[in-house]
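Participant: Fold the following.
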Amino acid sequence: LGFCRGRVVRVPKGPLIRVVGTEVVIPCSVSDYDGPSEQNFDWEFSRETDFLRIVSTWDSTFTSEEYQKRVGHGDIKLRRSSNDAVELVIRNIQPTDQGRYKCSTPSTDATVQGNYDAEVQVKVISDGLSVSGSKARSSMSPRLSEGDSFKLRCSAITTSPEHTHLHVTWQIKSGSTWRDILSLTHEGKFQPGPGYEERYRNGDIRLDTGANDTYRLSVSQASSVDGGAYRCLVSEWVRGADSSWQKIQEKSVEIASVAIQRTDVVISTSNVSVTERDSLDLTCNITTDRSGIFQAEVIWYFSASPDDTLSDAQVLLSMDHDSVVSDSTLISLSHVDRNSYRLLVRDVDIEDSGYYFCQAAVWVPLHNGSWHKVVERTSAPVSVMVTALEPDYEVFLNASKTPKFSDDPTELNCRIINSQDTEANIRFTVSWYYRQRLHSDGVVTEELLATMDADWTLLPGDRSRERTQNGEIIFFKKAVDTFSLRIQWTSESDRGDYFCVISAWSRHRNNTWVKSKDVTSASVGISWATQDYTLTVEAVKLKPFFVAGHTFEMTCKVSSKNIKTPRYSVLITAEKPLTDQSNPNGTTRIISLNQDSVVRLEDWTDQTRVDGVVLEKVQENEFRYRMYQTQISDAGLYRCVVTAWSPGGGGMWREAVNGLSNPIQIDFQTSGPVFNVSVHSDNPTIYQGELADLLCIVTTEGMALEPDDMSFDVSWFAVRSFALDREPVLLASLDRKGIVTQSRRNGSSDLSLERISPLEFRLRVHGCEDHDFGNHYCVVTPWVRSATGVWQREPDIKAKPIFLSVKMDVLNAFKYPLLIGIGLATVIGLLSCLIGYCTSRWCCKKEVQETRRERRRLMSMEMD
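Facilitator: As a prediction, this is how the structure comes out:
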C-alpha cells in the first residue's frame with residue numbers, strides 16, 4: 001500500500017446533464033499529495049480533440065482568448081471550497097459549452113506518483129419544462145370562511161430529450177418567505193412540509209394528480225393560517241452516472257391569494273361587578289360571515305384564574321348544535337338571536353366571583369344529512385366580581401375582672417353592639433389577640449391567643465395552647481352577643497394589651513360559610529403595680545479551722561422581700577483549682593435540695609464517699625451543708641445558689657428570683673511529699689507475637705514516707721496514633737487494694753498488670769499484634785495516710801507517653817506457607833508420575849503383530 005500511494009485528482013463521474021441557460025457547478029479535489037496544504041488548479045475545455053484553457057487559480061494569464069471576456073464578466077469563475085478543492089462555476093450555460101472539461105493540478109510532489117488531472121463530460125440539453133396555473137379570476141383570489149375547503153391547480157410538463165423526473169411542491173408565503181405545504185418528490189413520494197404532518201395524516205391536506213399533467217392541492221378545514229399567497233414550485237431531476245439524483249432546473253408560478261375570514265367568539269360585556277343575591281347576565285356573540293345553514297354549539301366555563309385551561313375550568317352550562325341545553329337550577333342558557341347566546345346566573349354569591357368564558361363551535365350540514373364541525377373558538381375570559389352584603393355592627397371590649405396582684409384572675413368581655421342587617425344567614429365568631437408592651441421603640445408583634453372557625457370550633461394559638469389545655473385560660477360565650485376570655489392565674493408574662501376581632505360569616509347556597517367582614521375592638525391593657533423581688537444569701541463557716549479528714553460544715557441563711565409565701569431551693573457548688581483534671585471547667589455541682597425538700601446528688605462522683613455530703617433544712621430560711629472526711633482534693637471555694645419560688649396557679653410553683661452567697665474557702669496547708677511518674681520500656685520496638693514490657697515508675701520528693709503509709713491507683717491508657725490526636729483507650733487499672741480491672745479487647749493479644757515494687761508497676765502485652773501500637777502512658781492517683789490514720793487522696797499525675805512500635809517478622813510469616821506449598825507441589829508431582837505410568841502400562845498398551853520371516857541361508861552357486 002505504501003508503494004501504491006500517490007496524488008489523486010477527482011471530478012464527478014460523467015456525463016453531467018444540464019439545461020441550457022442554467023448555472024453549472026463542477027467540483028474538483030486533490031488528495032494524497034506532498035508539498036503545501038493549499039493546492040492550485042487549472043481548468044481546460046475540449047469539444048473534440050484540442051483543449052482550450054479556461055481559468056486557473058494561480059496564473060492570471062492562463063485563460064485562452066476565447067474565454068477571456070466571459071471570465072472577465074464573471075460568467076465563468078473558480079470558487080475555492082477548501083485548500084484542496086475548487087468549483088468551476090459557469091453561469092447561463094449554452095449548447096456551445098457542451099464537451100469535455102479537464103481539471104489538472106501542478107505537481108508539488110518530490111516524486112511523480114498518481115494522476116494529476118481528471119476529465120468529465122458535460123451534456124447541455126434544451127429547456128423543455130413549462131409550469132402554468134389556472135386562468136380563472138375567481139380562482140386567483142378566493143374569499144373563504146374558517147372551516148371551508150378549497151382546491152388549487154397547477155400544470156407542469158417537460159419535453160426534455162433525457163429521461164427526467166419532476167418534483168412538485170405547493171408553497172404558501174408567510175411574510176417574506178415561502179413555506180412548503182406538501183410535495184410530490186421526483187421519486188414518487190408524498191412529503192408534507194414542517195407543521196403540516198398532522199393535517200396530512202388526517203387527510204385535511206392532499207395532493208392529487210389529474211389529466212393534462214395537472215397537480216391539485218386540496219385543503220379541508222381551512223383556518224386563519226391558511227390565508228396567503230400560494231405558488232407551485234416544480235424542479236426537474238435526472239439520474240447521474242453514479243445513480244444519484246441531480247436537480248438540473250427549477251421553475252415556479254403563483255397560483256392564487258386565499259383570504260380566510262376568521263370566526264370570533266366574544267362576550268359582549270367586559271369586567272362585571274354585581275352585588276350578592278343579584279343576577280348575572282352575560283352574552284356570548286359569534287362573529288362570522290357565513291350566509292348558509294349552520295348551527296352553533298356553546299359551552300360556558302368558570303375558573304378561579306384567567307390562566308386556567310379548559311380541563312381545569314368548571315363547565316357551567318352547554319347547548320349542543322341541536323339546541324339541547326343541559327339541566328341546571330340557578331343557571332339558564334338561552335338563544336337570543338342567530339349568533340348570540342345568553343347566560344343568566346340567579347342569586348349570585350361570593351363563590352361566583354371569578355372568570356367566565358364561552359366556547360363556541362360552528363356546525364354545517366353535509367350532503368348525507370349529518371352535521372360536521374368546521375370551526376371552534378374560545379372567548380377571552382371576563383372577570384366577574386361579586387360584592388358581599390356586609391352586615392353593619394361594632395365591637396366593644398372591656399375588663400370585668402382585673403388583677404391587683406400576680407396570680408389574680410382576669411376576665412375580658414368582647415360584645416357586639418349596634419348590629420344591623422344581621423339576618424339568619426349571618427354568624428359571628430371571635431379571635432383573641434395579645435400585644436406585648438415595649439419600653440423602647442421596638443416592633444410590637446401581635447400573638448394569636450385563640451380563634452373560632454365558622455362552626456364555632458375553638459383553635460388555640462401557640463402562646464396559649466398549653467395553658468388552655470391545662471385549664472389556666474378559658475374561652476367561652478357568655479351571651480348571644482358576648483364572647484369572654486378568662487385567665488385563672490395571671491402571671492408576669494400576661495402583662496400587655498388585649499383586643500378581639502369579631503368576624504361575620506355568610507351562608508352560601510351550598511350551606512357553606514364564608515367570612516364576609518372583620519371588626520377589631522380597641523385594646524385593653526392588663527397590668528398591676530409591683531415591686532422588684534430581692535433575695536439575699538449569706539454563707540457562714542461553722543468551724544474556722546480544721547485539717548484533712550475532719551468534717552467541713554457551713555450554713556446558708558436566706559432573706560427575701562416582695563415575695564409572697566416563698567419557698568427556696570438550694571444548690572451547693574464548689575470552685576476547684578484549675579490544676580484539678582477531674583473538672584477542667586472549675587465549677588462542680590455537688591448536692592441540691594428543691595422547694596419540696598427533696599435532696600439530690602448532682603455531680604458528686606466519689607463512690608467511696610456517697611454518704612459523705614449532707615444538705616438539710618434547719619429552718620424555713622436556713623440550710624446546713626456537711627462534708628465528712630474531707631480530702632485534700634476537696635480544696636476550693638464553696639457557695640450556696642438559692643432560688644426563690646412563689647405559688648402559681650393550679651398548685652404549681654413559679655420561679656421568682658435567684659441569689660448567690662459569698663464563697664467559703666477550704667484550704668489545706670500541707671508539707672507532704674511530691675510525686676512524679678514516668679514510663680519506661682527496655683525495648684519499645686517489638687515484633688508481632690512477642691512480649692512487650694512497660695514500667696510505670698513513681699518517684700517521691702520532699703518528706704519521706706513509709707511504704708505502708710502510701711498507696712496508688714494506677715491506670716494504663718493507649719492512644720492509637722503517632723500523634724496524640726485521638727481519644728485515649730483504657731487498657732487496665734490497678735486500685736490501691738490490688739484489684740486489677742481490664743477493658744474489653746477485640747484482638748488475640750492479652751494484658752497483665754502487676755505491682756513489682758512499692759513504686760513500680762508493670763504492664764505486659766502478651767502476643768502483640770499490629771493494633772497494639774501507639775502512645776502508652778499511665779495515670780497515678782496517690783493516697784497518703786495522715787497522722788490520724790485517715791487516707792487522703794492526692795491529685796492525679798499523668799506520665800509522659802512512650803510510643804510502642806509493632807513490626808512484622810517476614811521470615812516467620814512466610815515460613816509455613818512456603819513449606820506447605822513445596823510439600824503440596826511434591827505430592828502432586830509424584831501423583832502425576834504415578835498416574836502417567838499406570839496409564840501407559842495398563843490402559844494404553846497396544847499389541848503389534850509382526851510378520852514372521854523364515855530364516856534360510858542362501859545356497860552357493862556350485863551347489864545349485
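Participant: burial count for the closest residue to Leu448 other than its chain neighbours?
Facilitator: Nearest residue to Leu448 in three dimensions, chain neighbours excluded: Gly461, at 3.7 Å (C-beta to C-beta, 6 or more residues apart in numbering). The way it works is simple: take the backbone N, C-alpha and C, and place the C-beta from them, glycine included. Using other C-beta atoms under 10 Å, the number of residues around Gly461 comes to 16.
Participant: For Gly461, which residues are in contact?
Facilitator: Contacts for Gly461 (C-beta atoms under 8 Å, 6 or more residues apart in numbering) come out as Glu447, Leu448, Leu449, Ala450, Thr451.
Participant: Pull out the buried residues from the residues you listed.
Facilitator: Among the contacts of Gly461, those scoring as buried are Leu448, Leu449, Ala450, Thr451 (criterion: 16 or more other C-beta atoms under 10 Å).
Participant: Can you flag which of those belong to strands?
Facilitator: Leu448, Leu449, Ala450, Thr451 (DSSP state E).
Participant: Including pLDDT and distance to Thr49, could these go into CSV?
Facilitator: Conversion of those to CSV gives the following (pLDDT from 0 to 100; distance: C-beta to C-beta, whole Å):
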residue, pLDDT, distance to Thr49
Leu448, 92, 109
Leu449, 92, 115
Ala450, 93, 114
Thr451, 93, 110
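Participant: could you dump the residues you listed to JSON lines with distance to Thr468?
Facilitator: What follows is these, written out as JSON lines (distance: C-beta to C-beta, whole Å):
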{"residue": "Leu448", "distance to Thr468": "12"}
{"residue": "Leu449", "distance to Thr468": "8"}
{"residue": "Ala450", "distance to Thr468": "7"}
{"residue": "Thr451", "distance to Thr468": "12"}
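Participant: Arg736: which of the residues you listed is nearest?
Facilitator: For Arg736, the nearest member of those is Leu449. The distance, counting by C-beta to C-beta, is 64.3 Å.
Participant: re earlier: from the buried ones among the contacts of Gly461, pick the one nearest Gln629.
Facilitator: Proximity of these to Gln629, judged by C-beta to C-beta, is greatest for Leu449, which lies at 57.4 Å.
Participant: quick one: contacts for the closest one?
Facilitator: Counting by C-beta under 8 Å, 6+ apart, Leu449 has contacts Trp432, Tyr433, Tyr434, Pro460, Gly461, Arg463, Ser464, Ile473, Leu485, Tyr498.
Participant: which of the ones in strands among the buried ones among the contacts of Gly461 lies closest to Asp322?
Facilitator: Distance ranking of those against Asp322, using C-beta to C-beta, places Thr451 first at 53.4 Å.
Participant: For the closest residue to that closest one other than its chain neighbours, give me its contacts.
Facilitator: What sits nearest to Thr451 in space, not counting adjacent residues and going by C-beta to C-beta, 6+ apart, is Ser431, at 4.0 Å. In this structure, Ser431 makes contact with Leu448, Ala450, Thr451, Met452, Cys500, Val501, Ser503, judged by C-beta under 8 Å, 6+ apart.
Participant: Make JSON lines out of those and add distance to Ala222.
Facilitator: Conversion of these to JSON lines gives the following (distance: C-beta to C-beta, whole Å):
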{"residue": "Leu448", "distance to Ala222": "63"}
{"residue": "Ala450", "distance to Ala222": "66"}
{"residue": "Thr451", "distance to Ala222": "61"}
{"residue": "Met452", "distance to Ala222": "62"}
{"residue": "Cys500", "distance to Ala222": "67"}
{"residue": "Val501", "distance to Ala222": "62"}
{"residue": "Ser503", "distance to Ala222": "58"}
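Participant: Closest one of these to Gln595?
Facilitator: Distance to Gln595, by C-beta to C-beta, is smallest for Ala450 among those, at 32.0 Å.
Participant: May I ask which two of the buried ones among the contacts of Gly461 are separated the most?
Facilitator: Leu449 and Thr451 (8.3 Å).
Participant: Pull up the overlap in contacts between those two.
Facilitator: Counting by C-beta under 8 Å, 6+ apart, the contacts common to Leu449 and Thr451 are Trp432, Gly461.
Participant: Just after the helix or strand harbouring Val570, pick out the following helix or strand.
Facilitator: Assigned by DSSP states H and E, Val570 belongs to strand 567-575. Once the chain leaves strand 567-575, the next helix or strand it forms, by DSSP H and E, is strand 587-593.
Participant: Show me what that next one is packed up against.
Facilitator: If you count contacts as 3 or more C-beta pairs under 8 Å, 6 or more residues apart in numbering; DSSP states H and E, strand 587-593 packs onto strand 567-575, strand 599-601, strand 613-619.
Participant: how about 10 Å then?
Facilitator: Strand 587-593 is packed against strand 567-575, strand 599-601, strand 613-619, strand 622-627, strand 636-647, with contacts defined by 3 or more C-beta pairs under 10 Å, 6 or more residues apart in numbering; DSSP states H and E.
Participant: about what we covered before: just want to check the distance between the residue nearest to Thr451 and Leu458.
Facilitator: Ser431 sits 10 Å away from Leu458 when distances are taken as C-beta to C-beta, to the nearest Å.
Participant: Is the closest residue to Leu724 other than its chain neighbours part of a helix or strand, or is it coil?
Facilitator: On the basis of C-beta to C-beta, 6+ apart, the spatially nearest residue to Leu724 that is not a chain neighbour turns out to be Asn775, at 6.0 Å. Of the three states, Asn775 takes strand under DSSP: H, G, I helix; E, B strand; the rest coil.
Participant: Could you pull up the residues touching Asn775?
Facilitator: Residues touching Asn775, when contacts are defined by C-beta atoms under 10 Å, 6 or more residues apart in numbering, comprise 679, 717-724, 726, 728, 800-804.
Participant: ok, so what distance separates it from Gly747?
Facilitator: Plainly put, Asn775 is 18 Å away from Gly747 if you go by C-beta to C-beta.
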